[in-house]
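In: quick one, fold the following:
(2 chains)
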There are 2 protein chains.
Amino acid sequence: MTQMTEARKASGGGFTPQIMRVAERERRTPEFIRERVADGRIVIPANRMHTNLDPCGIGRELTTKINANIGNSALSGCPGEEAAKLRIAVKYGADTVMDLSTGENITEIRRRLISLSTVPVGTVPVYEMVAREGASSISEELVLRVMREQAEQGVDYMTIHAGLLSRLVPLALKRKLGIVSRGGALLAAWMKETGKENPFYTAFDKILSICLEYDVTLSLGDGLRPGCLADASDEAQFAELDVLGELTARCRAAGVQAMVEGPGHIPVDQIEMNMLREREKCADAPFYILGPVVADCAPGYDHITAAMGGLLGAYYGAAMLCYVTPKEHLGLPNPDDVRQGVAAFKIAAHAADIGTHKPGARERDDAMSDARARFDWEAQFSLAIDPDRARAGREEAIRESSGESSLHGTEFCTMCGPEFCSVRLSAKLKKENATAAAQ
Amino acid sequence: MTQMTEARKASGGGFTPQIMRVAERERRTPEFIRERVADGRIVIPANRMHTNLDPCGIGRELTTKINANIGNSALSGCPGEEAAKLRIAVKYGADTVMDLSTGENITEIRRRLISLSTVPVGTVPVYEMVAREGASSISEELVLRVMREQAEQGVDYMTIHAGLLSRLVPLALKRKLGIVSRGGALLAAWMKETGKENPFYTAFDKILSICLEYDVTLSLGDGLRPGCLADASDEAQFAELDVLGELTARCRAAGVQAMVEGPGHIPVDQIEMNMLREREKCADAPFYILGPVVADCAPGYDHITAAMGGLLGAYYGAAMLCYVTPKEHLGLPNPDDVRQGVAAFKIAAHAADIGTHKPGARERDDAMSDARARFDWEAQFSLAIDPDRARAGREEAIRESSGESSLHGTEFCTMCGPEFCSVRLSAKLKKENATAAAQ
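Out: A predicted model of the protein is given here:
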């Protein structure tokens, strides 16, 4: 039983609690949600073992979701730090988190994250397989064993690179940057070494059985996503997308929820085309994209290059954006990087939702504008995506100015001071106008 | 004599040194540049008194430029700090700077900035008028006196809100946030108080004479730009744009170079329309936009909200982006805010140029991708928009990892470590492929 199989049952009020909750959060009718869960255009990742989950819907017509990747590596991170990253990610607006741990204590880190998380938790099972048993131990048996263990633990969605068939590897090796997906590269190396086909593909029906049992949503990974602008929209990328389209259809036929993952690195002028192509090839399955980065020359600022691409992706139909942090291309993100990445992507998702007129999307902005007009600084901070940073910014500016102590709560800021404050001048003009009209 | 009047002279090799330099920087022929300077589609702000200028061309078909606003306010900043901001702005990629000082020592700050600056320097003369003589002293006489003084000092371009006619003020007072342009609000208040027409408009022909004499480029300011998403693309904004179109034609008839300024705050779905409307109403005069911000609820991150809008604006035809810093809506930016704002906008401008296929735009990114493929960290840092931050990011990650000392110069980063490094795996596969092919 999955959200999809339930949604397909003859109606008469039979909405799952998860569908009801998503409808409420999205300001849509339960019918609207159920219809799309039934045909696969919306997914609600909700493993029945993840008991403290607040369900979240993901689909092109819903508000844009953002995911934060956390997790350790062999070189960095520890269970306590990953829990801290989870807290920060959710505080600043992450709708889901993925535990991408590849270092020590993977099982324990994940158990703890799931027990703490009210948002859906995703994983990439091949990481645990390789971290625990080594890259050469990859097999269908190991795939199924690790996926079942993770499903039992309550993982809501799993990325599997089942579309990376062995015949596609040579296409990717022609590129400037080859294969930049970790899971994709591990599988390609294993296929090359063993001469066998991708075990996530050959075991796909058995994987579907596990997903059906726990209601694990599959996130069909793009092992051949481009790793730089020069490799974007190439033959390898689109050949894999075709396979993901077939796998989407197999998921739907089985009643398993599925998303499709996308790039990565795309020049601005190719983003709309990429979104439309996925929609066509994968029958409008929720598109879950990584960034995309729109410039390759800004390490240290890749949360910005990627949030820019994410905004465009979401505006043109992506359902969920995987964040990128300032550490991308440089190292493992720390908690402050997580905060910056989540904030940048929350902005991208929100700005896209305003642009596509999602229900209620602009209310928060309008409330902010009203608070600005009346110089209500506390309201401005509380409406901000990152209230702490907004407050810190004003306080820093006041500290750096001449008249420090007298400036808190004033009807201007240190940018212009009172005489040059346009908002102040404008309020005065409006007031005079109103007075004149009343007389 | 201006770049425009020179460009219009019968040809035979008569290219100004400024046109030759812009052609070189843009990888275009001198003919390409001259033709567009002659008809006004490209401006080269180059006051003949600004002797250490490295000329820069601004136009839709050229690479996208970015401007950094610096300057003090009555509450913050000092001459030494403004010089530091100039250095930082230019270091990280500002193509022009505007000195928006409204506090003490305006004349001296500007003199120093112009003498130090190899990039064009812009101002908003009404600020100096009001800072020196008070808002009630605004008059045609003061406009002409201050503009002449600034022109003699070598200011390359000046923003004047000449399109804000008194009849337009009531339209703006209907808005949520009224008039948010400082110059616009000051002029509207003065017009309301005195019952007179905007002196920048009534003295426009005399202003053109000053500009002709020194080759000052006019930047026709949008005093009625929207101050929030709710006010975007309204009657006030577009009525002023129509006046700016008329003023552009008067500039061109006089041989004076002119840009047009634009918003501000625009939802994503209205940006393309705004760019096309300016192009039509102002006969393709270079459009110089502020941001635009695409979400109003992210104070502390407005360099990001605005760089997102700037990317779209440039992609759809804006010629220059005025940066916004993380302090926007909170206070006066300090040097670190300047750095963050410039970096975010350099990314936006560059990503747009890649998207519109400007000559050579992607070369730096391709070189970066090659450096990534061969783990050449030093090359990656030197190709980065902000080399210091890129290096600091990798070093921080190494510091935070387990094996600190051994990691510098390695062929992986702390994100994945050696076993999970896709770039490393991919390089190995490529090498094996090449070896097999050679045998």
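In: switch to C-alpha atoms for all contacts and neighbour counts from now on
Out: Will do.
In: in which helix or strand would I find A:Arg34?
Out: Take DSSP states H and E as the rule and A:Arg34 turns out to sit in helix A:30-39.
In: the next helix-or-strand element following that helix pairs with which strands, parallel or anti?
Out: Counting by DSSP H and E, the element after helix A:30-39 in chain order, helix or strand, is strand A:42-43. Partners of strand A:42-43 in the sheet, by DSSP bridges, are strand A:58-59 (antiparallel).
In: start to end distance for stretch A:311-327?
Out: Taking CA to CA, to the nearest Å, stretch A:311-327 runs 20 Å from one end to the other.
In: contacts for the helix holding A:Arg34, please.
Out: A:3-8, A:15, A:19-20, A:22-23, A:42-44, A:252 (CA atoms under 8 Å, 6 or more residues apart in numbering or on different chains).
In: and for stretch A:43-54?
Out: By CA under 8 Å, 6+ apart, the surrounding residues in contact with stretch A:43-54 are A:3-4, A:18-19, A:37, A:55-59, A:114-115, A:117-120, A:151-157, A:214-217, A:257-259, A:286.
In: over to stretch A:142-152?
Out: If you take CA under 8 Å, 6+ apart as the criterion, stretch A:142-152 is touched by A:47, A:49, A:125-126, A:128-129, A:199-200, A:203, A:206-207, A:210-211, A:214, A:216.
In: just the buried ones from the residues you listed, in PyMOL syntax?
Out: Those of those that count as buried under 16 or more other CA atoms under 10 Å in any protein chain shown are selected in PyMOL with:
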select buried, chain A and resi 47+49+125+126+128+129+199+200+203+207+210+211+214+216
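In: what's the farthest-apart pair in the contacts of stretch A:142-152?
Out: With distances taken as CA to CA, the most widely separated pair in the contacts of stretch A:142-152 is A:Met49 and A:Pro199, at 25.8 Å.
In: the residue of the stretch 1-150 of chain A found nearest chain B: neighbour count?
Out: Nearest residue of the stretch 1-150 of chain A to chain B, counting by CA to the nearest CA: A:Ser76, 4.6 Å away. By other CA atoms under 10 Å in any protein chain shown, the residues close to A:Ser76 number 27.
In: how about the nearest residue to it, chain neighbours excluded?
Out: Nearest residue to A:Ser76 in three dimensions, chain neighbours excluded: B:Ser401, at 4.6 Å (CA to CA, 6 or more residues apart in numbering or on different chains).
In: what secondary structure does that neighbour sit in?
Out: Classification of B:Ser401 using DSSP: H, G, I helix; E, B strand; the rest coil returns coil.
In: show the pLDDT at it.
Out: B:Ser401 carries a pLDDT score of 83 in this model.
In: so A:Lys327 touches A:Asp302, yeah?
Out: Yes: between A:Lys327 and A:Asp302 a contact is recorded at 7.4 Å, counting by CA atoms under 8 Å.
In: list the contacts for A:Gly178?
Out: Counting by CA under 8 Å, 6+ apart, A:Gly178 touches A:Ala172, A:Pro226, A:Gly227, B:Val423, B:Ser426, B:Ala427, B:Lys430.
In: how many other residues sit next to the residue in the stretch 251-400 of chain A that chain B sits nearest to?
Out: Closest residue of the stretch 251-400 of chain A to chain B, CA to the nearest CA: A:Leu332 (3.9 Å). By other CA under 10 Å, 30 other residues sit near A:Leu332.
In: that one belongs to a helix?
Out: No: A:Leu332 is assigned coil when assessed by three-state DSSP, not a helix.
In: so A:Leu321 sits in a strand?
Out: Yes: counting by three-state DSSP, A:Leu321 is located in a strand.
In: now it. Nearest residue, chain neighbours left out?
Out: With CA to CA, 6+ apart as the criterion, A:Leu321 has its nearest non-adjacent residue at 4.7 Å, and that residue is A:Ile66.
In: my read: the one you found touches A:Met98, true?
Out: No: counting by CA under 8 Å, A:Ile66 does not reach A:Met98; the two are 10.8 Å apart.
In: between those two, which is the more surrounded one?
Out: Taking neighbours as other CA under 10 Å, A:Ile66 and A:Met98 compare with A:Ile66 leading, 28 against 24.
In: neighbouring contacts of the helix or strand harbouring that one?
Out: Using DSSP H and E, A:Ile66 falls within strand A:65-70. The contact list for strand A:65-70 (CA under 8 Å, 6+ apart) reads A:58, A:82, A:85-86, A:89, A:93-101, A:319-324, A:333, A:338, A:341-342, A:345-346, A:349.
In: helices or strands next to the following helix or strand past that strand in the packing?
Out: The helix or strand immediately downstream of strand A:65-70 is helix A:79-91, counting by DSSP H and E. Judged by 3 or more CA pairs under 8 Å, 6 or more residues apart in numbering or on different chains; DSSP states H and E, helix A:79-91 is in contact with strand A:65-70, helix A:106-116, helix A:335-355.
In: can I get these in CSV including distance to A:Gly417?
Out: Below are the helices and strands packed on helix A:79-91 laid out as CSV (distance: least, CA to CA, whole Å):
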stretch, distance to A:Gly417
strand A:65-70, 38
helix A:106-116, 46
helix A:335-355, 28
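In: got the ones you listed as CSV, with mean pLDDT columns?
Out: Putting the helices and strands packed on helix A:79-91 into CSV (pLDDT from 0 to 100) gives the following:
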stretch, mean pLDDT
strand A:65-70, 96
helix A:106-116, 94
helix A:335-355, 97
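In: if we can go back for a sec, I figured the residue nearest to A:Ser76 was touching B:Thr414, is that so?
Out: Yes: using CA under 8 Å, B:Ser401 is in contact with B:Thr414, at 7.0 Å.
In: can you list residues touching both of those two?
Out: With CA under 8 Å, 6+ apart as the test, B:Ser401 and B:Thr414 both reach A:Leu75, A:Ser76.
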